[in-house]
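K.L.:
Predicted coordinates and the sequence they were generated for:
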Amino acid sequence: MPIKNRLAELMPEIAEWRREIHANPELLFDLPKTTALVEAKLRAFGVDEIHTGIGRSGIVALIRGKTDSRGYCVGLRADMDALPMQEHTGLPHASQTPNKMHACGHDGHTAMLLGAAKYLAETRNFDGTVALIFQPAEEGGGGGDLMVRDGMMERFGICEVYGMHNEPGLPVGEFGVSPGPIMAAADEFEVSIVGKGGHAARPHMCIDPTPAACNVVMALQTVAARNVDPIKEIVVSVCTVKTSSEAFNVIPSEVLIRGTVRTLDEHVRDIAETRVCQLIRSTAEAYGCEARLRYERGYPVVVNHDENAGIAAEIARAVAGEDRVRWGRPPRMGGEDFAYMLNARPGAFINVGNGDTAGVHHPEYDFNDEAIPYGCSFFAELVERRMPAA
């Protein structure tokens, strides 16, 4: 079957919700306007239960089918938070808040799950319960982890869980689904290379941290090239190098380096952490400097369960057509905290096409409203197929 007729009818209304969320972006866990809109819509739809404050500011709403003879519950997740960046789209619904922007499409994810909620509350053509998960703080706050730690899966009896993310470059009406590892663990490091500053004309009286920092940057490139099996995916990127001086004639006393490490395998992740820390400390010491290092593990690898990825692909084909689902694509090295939910329950994370738009995290990005009926239909069809009416 194609997209559901009812959801095609609702598309303009859902798009208005999306644009209202887009115009009022909020960050991390501080989402009072967004959560108020979500809660108000859910109440208007007549869902059976609404639970707030899960993972600090997350919402879980329950819709029960016509029967519940199986006692089964499927979780559907959308993220709600925006990014700390300035929007440059010039659109009528552009952000009204300086330096806050829905540049990753979480406004669209929330709106699509609300659209599916409205349809499911109207029809209830399933046997079981659907848990609608509206998550805060995907963009760096680990809101998914906090919701799981709050006992969300056990409290609501969630048996399997699914999430969806838009993908610029993938045509509208298409889906991408893959089994196994699909997104990387995202770790970060920050180090201050500390020496002794002074006059640039008297370097012999200083301990210059700049050559040490430059060699740290180059040495870190060997982690992927010489420490890890070449067929294993790993990225080590240095993204910030900043000295404590901006003068042309002052040797700085300190150089700050920040970067990220992305891996798809826990063994490789362990190797990377060990070698990054060793290389930083030993290189700094070789130049007579001290390395004040912080290495933090972030989101884990996103691993789709094979069976559930196959289920998601089957449903995507039913919605979009046999030839409009891209199966088994290579993993991406971006991070995503839906990983915590997939570590807690079987499930899958899929992509829905956003068309030829600016990329996510770009100041000219906007979620493509034409994708709404496809995303909503996927969620609705998933519930009806996984919990068919008795």
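P.N.:
Cool, got the structure.
K.L.:
residue boundaries of the helices in this protein?
P.N.:
5-23, 32-45, 106-123, 143-149, 152-155, 209-226, 266-286, 306-320, 339-344, 372-386 (DSSP state H).
K.L.:
wait, which of those helices is closest to Leu256?
P.N.:
Of all the helices of the chain, it is helix 209-226 that lies closest to Leu256, at 8.5 Å by C-beta to C-beta. Placement of C-beta: from N, CA and C, glycine included.
K.L.:
beta partners of the closest residue in space to Val241 that isn't next to it in sequence?
P.N.:
Spatially, and ignoring its direct neighbours in sequence, Val241 is nearest to Ile257 (5.6 Å; C-beta to C-beta, 6 or more residues apart in numbering). On the basis of DSSP bridges, Ile257 takes part in beta bridges with Val191, Val241.
K.L.:
okay, now Ile257: neighbour count?
P.N.:
Residues within reach of Ile257, counting by other C-beta atoms under 10 Å, total 23.
K.L.:
Can you list the low-confidence ranges for this structure?
P.N.:
Applying pLDDT under 70 to the chain picks out residues 1.
K.L.:
Give the closest residue to Arg149 in space, chain neighbours not counted.
P.N.:
If the residues on either side of it in the chain are set aside, Arg149 comes closest to Gly55, at 7.5 Å by C-beta to C-beta, 6+ apart.
K.L.:
Quick one: neighbours of the one you found, just the number.
P.N.:
Gly55 is surrounded by 24 other residues when neighbours are defined as other C-beta under 10 Å.
K.L.:
Dead centre of this structure: give me the residue that sits there.
P.N.:
In the chain, the C-alpha nearest the mean C-alpha coordinate belongs to Glu336, at 3.3 Å (C-alpha atoms, centre = their mean).
K.L.:
Does it touch Tyr299 like I think?
P.N.:
Yes - counting by C-beta atoms under 8 Å, a contact exists between Glu336 and Tyr299, whose distance comes to 6.4 Å.
K.L.:
how about the helices of the chain in JSON lines, adding distance to Gln86 and mean neighbour count?
P.N.:
Rendered in JSON lines, the data for these read as follows (distance: least, C-beta to C-beta, whole Å; neighbours: other C-beta atoms under 10 Å):
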{"stretch": "helix 5-23", "distance to Gln86": "14", "mean neighbour count": "19"}
{"stretch": "helix 32-45", "distance to Gln86": "19", "mean neighbour count": "17"}
{"stretch": "helix 106-123", "distance to Gln86": "16", "mean neighbour count": "25"}
{"stretch": "helix 143-149", "distance to Gln86": "23", "mean neighbour count": "23"}
{"stretch": "helix 152-155", "distance to Gln86": "34", "mean neighbour count": "17"}
{"stretch": "helix 209-226", "distance to Gln86": "29", "mean neighbour count": "18"}
{"stretch": "helix 266-286", "distance to Gln86": "32", "mean neighbour count": "17"}
{"stretch": "helix 306-320", "distance to Gln86": "34", "mean neighbour count": "20"}
{"stretch": "helix 339-344", "distance to Gln86": "29", "mean neighbour count": "22"}
{"stretch": "helix 372-386", "distance to Gln86": "26", "mean neighbour count": "25"}
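K.L.:
can I get these in JSON lines with distance to Pro330?
P.N.:
JSON lines is the format used below for the helices of the chain (distance: least, C-beta to C-beta, whole Å):
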{"stretch": "helix 5-23", "distance to Pro330": "30"}
{"stretch": "helix 32-45", "distance to Pro330": "33"}
{"stretch": "helix 106-123", "distance to Pro330": "23"}
{"stretch": "helix 143-149", "distance to Pro330": "24"}
{"stretch": "helix 152-155", "distance to Pro330": "30"}
{"stretch": "helix 209-226", "distance to Pro330": "17"}
{"stretch": "helix 266-286", "distance to Pro330": "16"}
{"stretch": "helix 306-320", "distance to Pro330": "14"}
{"stretch": "helix 339-344", "distance to Pro330": "18"}
{"stretch": "helix 372-386", "distance to Pro330": "22"}
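K.L.:
what separates the residue nearest to Gly334 when sequence neighbours are not counted from Arg292, distance-wise?
P.N.:
The spatial neighbour of Gly334 that comes closest, neighbours along the chain excluded (C-beta to C-beta, 6+ apart), is Met183 at 5.6 Å. Here Met183 is placed at a distance of 31 Å from Arg292 (C-beta to C-beta, to the nearest Å).
K.L.:
who's more crowded, those two?
P.N.:
Remark: of Met183 and Arg292, Met183 carries more neighbours, 25 against 15, as counted by other C-beta under 10 Å.
K.L.:
ok now do the more buried one, which residues does it touch?
P.N.:
For Met183, the set of contacting residues under the criterion of C-beta atoms under 8 Å, 6 or more residues apart in numbering consists of 301-302, 331-336, 339, 349.
K.L.:
of the helices of the chain, which approaches His199 most closely?
P.N.:
From these, taking C-beta to C-beta, the stretch that ends up closest is helix 209-226, at 14.2 Å.
K.L.:
could you give the angle of that closest one to helix 266-286?
P.N.:
Going by axes from the mean of the first three to the mean of the last three C-alpha atoms, to 10 degrees, helix 209-226 is angled at 150 degrees with respect to helix 266-286.
K.L.:
Just the residues contacting helix 209-226, thanks.
P.N.:
The contact list for helix 209-226, computed with C-beta under 8 Å, 6+ apart, reads 191, 193-195, 234-236, 238, 241, 243, 251-255, 257, 259, 261, 272, 275-276, 279-280, 283-284, 286-289.
K.L.:
rerun at 7 Å
P.N.:
With contact meaning C-beta atoms under 7 Å, 6 or more residues apart in numbering, helix 209-226 is reached by 193-195, 234-236, 238, 241, 243, 252, 254-255, 257, 272, 275-276, 279-280, 283-284, 287, 289.
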